[in-house]
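Engineer: Got a predicted model here, sequence first, then my questions.
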Amino acid sequence: MMVPLLTMAALSVVGAAPSAPPTISLRHFIRQQGQASCHGDTDCAKSAQSKWSDPANTAGSIEDDTLGSLPLVAVDDADPFVSPSEFYRRYVRARKPAIFRGLAKSLCVYELWRNETWLAENRGYIPFDIDIRKRHGSEIQAKQIMTLSTFLETYRNDTLFLDEPISHTSLWDDLGLPSPLQCDFFAERIVTANILWAEGETSSYLHHDGSDNFLMVLSGSRDALVARPSASEALYADDFVVDNGLSPIDPDAIDLARYPRVSEVQWYHGKLKTGDILYIPQFWWHQLRGSGSPAIAISLWFQSFNFDARFTVPDHEVVATANEFERYVSEEPDSIVCTPGAHAFGRLADTLGNETEFAKLEDPRPQLPPDNTPIKIPITTTIPKTPVPALMLGTARLGDRAEEVLKMALDIGYRGFDSGATDGYSEATLGRVLAESGVPRSDLFITAKLNPKDHGYDRALASVRESLAALQTNYVDLLLIHTPACELQVDLICAEGPTMWRDSWRAMEELHAAGVAKHLGVSNFEVDELDHLLTFAKVKPILVQNWFDPLHRDRPVRKWCRAHGAGFQAYSLLGSVWTDEGAAVNPVLTNERIVAIAKEQKRSPAQIILRWAFQSGVGVLVGAQSREHLRLDLSLGDFRLTKPDMKALNGLSHRKKKYADSDACLETHCAPSWAACETAHQCAVCEKSCEGDETDAGYYSCCQSCIHGESDEVITAMNALLDCYRYCLQFEPITGET
């Protein structure tokens, strides 16, 4: 009996195997489905495994009852030409993906970019934002700015992944145009392209694109899973976390209890070799795993059909948009007329036209002083209304590289350092490096934070004394309450349960009077907590340090700061909180408007965001870990953002409004979390007892205090519910300053 391995719609009658683990990789799950569908037939199981290992190697079509292998189109090495009109008719208009075997070998870029020596010498000056990991998941997506030559020197020995747009004309010149696109119809519809480069294995999100995609493999291999747009509902597309087009499902660890409909999806599988091109039609779902030494590919996006003006549903309704798109495509012509050979390997930048963004980027190399010249912040050096430096180095995520990075920062010119007593910081390392640096203490500005587990008068005094000893100083310039309440997760865990921070502030005021803490402030406070602080504080806070980025501007707290003469300092300015809290991608560094402004200014997105914060009167903590990035963060005085750019950045939103209000979000998005909390009985008891609290912060604190000491099941359920609650608060209307 021959059963299609990847047609999971045909296999879904068996569902997920009863013994399936709580999470499972997408590929393992598909293999399981294939084995289960054979109902014990050994020959069937062997055939299914064979088809997974070696998909069909002949041209074919994709129908609902096929084997689930991507059609493979053989290309003549002697005459590697694929007719654009035939490509349109057979694949674009028919909405069918395909692998074109060896077609990328006919491109100039295939030889040029595989020669790393040539690439470093001729294109090495171009800067990119490099991912410092190679798998896209829910962990922090940190980036590091470096030139292409620096990347080529280091990527083999580090977990670096270059996945960035081609934004320079010389790179477009190298690329050339694949023969299926050598036609006015396609050449005029090219949108952009990305370089994908890493050593070893890489893994992409499960996503679809708003354009057609040519994935061109220059080195290594790719394993592709592809599914029709009609799978959007079964892939929970409307439950996206950050951006529409990204499924919330982790392809490396599917939660089958949360996403059971994955079993309904019909998948198509293909293995791409060096030199192959995979065509993925617009809105087709796909997930790619790469391997190779190195693994190099280019994604070239072109928009064969653009129905933006015709769509009647908002684009955040992914399922409805995909269905509407398919209906519009069915009305398009079945064929196009092309002149064979047109645009063959010509200048792609010319094909795009002289007025495109690519033509403006002749030399994006940052202009920095010589590497041995210390840089001073070339702008207002303190946050308005405070003595706090406008730019400081945050030390929370330096890890094992703390000593190395701190020494580089001091050498470059950094004099402000933000530290803390919770996990992730290293007060002792910072103290030792500063003590050995020879920099006068009066030239330094050190921020320390009170660990929330040490709230209370006596414990706060003891905690600060420990911090002073670790920092090897007899005073700190700024002492902050790290957060008003403990959390039963991450690194702010209370040893004996939450206590009141009011007594902590009384201890801090005594330290201030004794000269041990020159200034006082708070972090992670909301307006109601700040108002409460003013009811008893003898010393007012000079600064509030909160989460702030272009998509989360914390308007209420900033308004409070202006009204009460306090400064505002941002952490997570580049968006790390989004990925900390489960977002698949960092929506800040990938925001289209921010990227467009960066290209126009010949800067990185990170520099644009830093400059925007400075022009907004916000102090920032930077987390750079390379010499180049540390220097770039200080080179902000030679450009300014225009009023239109500032207005655009101040008006950004991280998503179209998905829910009418927070109540609608709680009822829909949080339904699974409510159910899990009710199952863990004590979670529901605690939530019920705390729901009458008038403030969000009070509600969080009450819930966390109530479940302290409970089982892991109860704590996990409550944390998931509170995370969902925080997510839904974004849909509350906010009025006032933007």
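Structural biologist: It's in. Numbers count the residues shown, from 1 in each chain.

Engineer: can you give me the strands in the stretch 501-650 of the chain?
Structural biologist: Using DSSP state E, counting those that start in this stretch, the strands of the stretch 501-650 of the chain run over 520-523, 543-547, 567-571, 619-622.

Engineer: and stretch 286-296, which residues are buried?
Structural biologist: Neighbour-count burial for stretch 286-296, with 16 or more other C-beta atoms under 10 Å as criterion, is recorded at 286, 287, 288, 289, 290, 291, 292, 294, 295, 296. Yep, even glycine has a C-beta here, placed from its N, CA and C like the rest.

Engineer: SS state for the third one?
Structural biologist: Residue 288 falls in the strand class when you classify it by DSSP: H, G, I helix; E, B strand; the rest coil.

Engineer: Next: the one 4 residues further on.
Structural biologist: In the three-state summary, residue 292 is assigned as strand, counting by three-state DSSP.

Engineer: Check it and give its pLDDT.
Structural biologist: Per-residue confidence (pLDDT) for residue 292: 84.

Engineer: one step back: mind checking which of the strands of the stretch 501-650 of the chain is nearest residue 258?
Structural biologist: Distance to residue 258, taken as C-beta to C-beta, is lowest for strand 543-547 among the strands of the stretch 501-650 of the chain, at 26.6 Å.

Engineer: Partner strands of the closest one, with direction?
Structural biologist: Partner strands and pairing direction for strand 543-547 (DSSP bridges) are strand 520-523 (parallel), strand 567-571 (parallel).

Engineer: C-alpha coordinates for it, CSV please?
Structural biologist: What follows is strand 543-547, C-alpha atoms only, in CSV (Å, rounded to 0.1, in the frame of the first residue of the first chain):
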residue,chain,number,x,y,z
LEU,A,543,14.8,59.1,37.4
VAL,A,544,12.5,56.3,36.3
GLN,A,545,14.1,53.5,34.3
ASN,A,546,11.4,51.5,32.3
TRP,A,547,11.0,49.4,29.2
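
Engineer: that older thread, looking at the strands of the stretch 501-650 of the chain, which is buried most?
Structural biologist: Highest mean neighbour count among the strands of the stretch 501-650 of the chain (mean count of other C-beta atoms under 10 Å): strand 567-571, with a mean of 25.

Engineer: Give me the residues contacting it.
Structural biologist: Contact with strand 567-571 is made by 383-386, 388, 392, 394, 523, 542-549, 554, 557-558, 561, 613, 617-621, as judged by C-beta atoms under 8 Å, 6 or more residues apart in numbering.

Engineer: Tell me the spacing between residue 307 and residue 314.
Structural biologist: Per C-beta to C-beta, to the nearest Å, residue 307 is found 14 Å from residue 314.

Engineer: quick one, which of the two is more surrounded?
Structural biologist: Between residue 307 and residue 314, counted using other C-beta atoms under 10 Å, the more crowded position is residue 307 (16 against 13).

Engineer: tell me which element that one falls in.
Structural biologist: Residue 307 belongs to no helix or strand when assigned by DSSP states H and E.

Engineer: confidence score at the closest residue to it other than its chain neighbours?
Structural biologist: Nearest residue to residue 307 in three dimensions, chain neighbours excluded: residue 328, at 4.7 Å (C-beta to C-beta, 6 or more residues apart in numbering). Looking at residue 328, its pLDDT reads 90.

Engineer: So what touches the strand or helix carrying residue 328?
Structural biologist: Here residue 328, judged by DSSP H and E, is contained in helix 318-329. Contacting residues not belonging to helix 318-329 are listed as 93, 95, 208, 229-230, 232-233, 237-238, 240, 244-245, 282-283, 305, 307, 310-315 [C-beta under 8 Å, 6+ apart].

Engineer: from those residues, which would you call buried?
Structural biologist: Buried members of the contacts of helix 318-329, scored by 16+ other C-beta under 10 Å, are 93, 95, 208, 229-230, 232-233, 237-238, 240, 244-245, 282-283, 305, 307.

Engineer: from these, which is closest to residue 651?
Structural biologist: Using C-beta to C-beta, residue 244 is the member of the buried ones among the contacts of helix 318-329 that sits closest to residue 651, with 19.2 Å.

Engineer: What separation do you get for residue 687 and residue 681?
Structural biologist: 11 Å.

Engineer: what's the answer for residue 421, then?
Structural biologist: Applying C-beta to C-beta, the value for residue 421 to residue 681 is 36 Å.

Engineer: Can you pull the poorly scored residue ranges out of the stretch 551-700 of the chain?
Structural biologist: Low-confidence segments of the stretch 551-700 of the chain, defined by pLDDT under 70: 581-585, 635-638, 654-662, 693-697.

Engineer: Mind doing that once more with 50?
Structural biologist: Along the stretch 551-700 of the chain, the model assigns pLDDT under 50 to residues 655-657.

Engineer: mind listing the helices for it?
Structural biologist: 555-564, 576-580, 592-601, 605-615, 627-634, 643-650, 662-668, 671-679, 681-690, 696-706 (DSSP state H, counting those that start in this stretch).

Engineer: Is it possible to get a markdown table of the strands paired with strand 543-547 that adds distance to residue 338?
Structural biologist: Formatted as a markdown table, those follow (distance: least, C-beta to C-beta, whole Å):
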| stretch | distance to residue 338 |
| --- | --- |
| strand 520-523 | 61 |
| strand 567-571 | 52 |
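
Engineer: Among the contacts of helix 318-329, which are located in helices?
Structural biologist: If you go by DSSP state H, the contacts of helix 318-329 have nothing in helices.

Engineer: Just give me the neighbour total for the closest residue in space to residue 534 that isn't next to it in sequence.
Structural biologist: Nearest non-adjacent residue to residue 534, counting by C-beta to C-beta, 6+ apart: residue 540, 6.9 Å away. Residue 540: 12 surrounding residues under other C-beta under 10 Å.

Engineer: residues contacting residue 540?
Structural biologist: By C-beta under 8 Å, 6+ apart, the contact set of residue 540 is 534, 564, 565, 566.

Engineer: Name the nearest residue to the third one, sequence neighbours excluded.
Structural biologist: Spelled out, it's residue 565. Once flanking residues are discounted, residue 565 sits nearest to residue 385: 5.5 Å by C-beta to C-beta, 6+ apart.

Engineer: Looking at the strands paired with strand 543-547, which is nearest to residue 445?
Structural biologist: It is, among those and with distance given as C-beta to C-beta, strand 567-571, at 11.8 Å.

Engineer: So which of residue 687 and residue 681 has more stuff around it?
Structural biologist: Ranked by neighbour count (other C-beta under 10 Å), residue 687 and residue 681 place residue 687 first, with 22 against 12.
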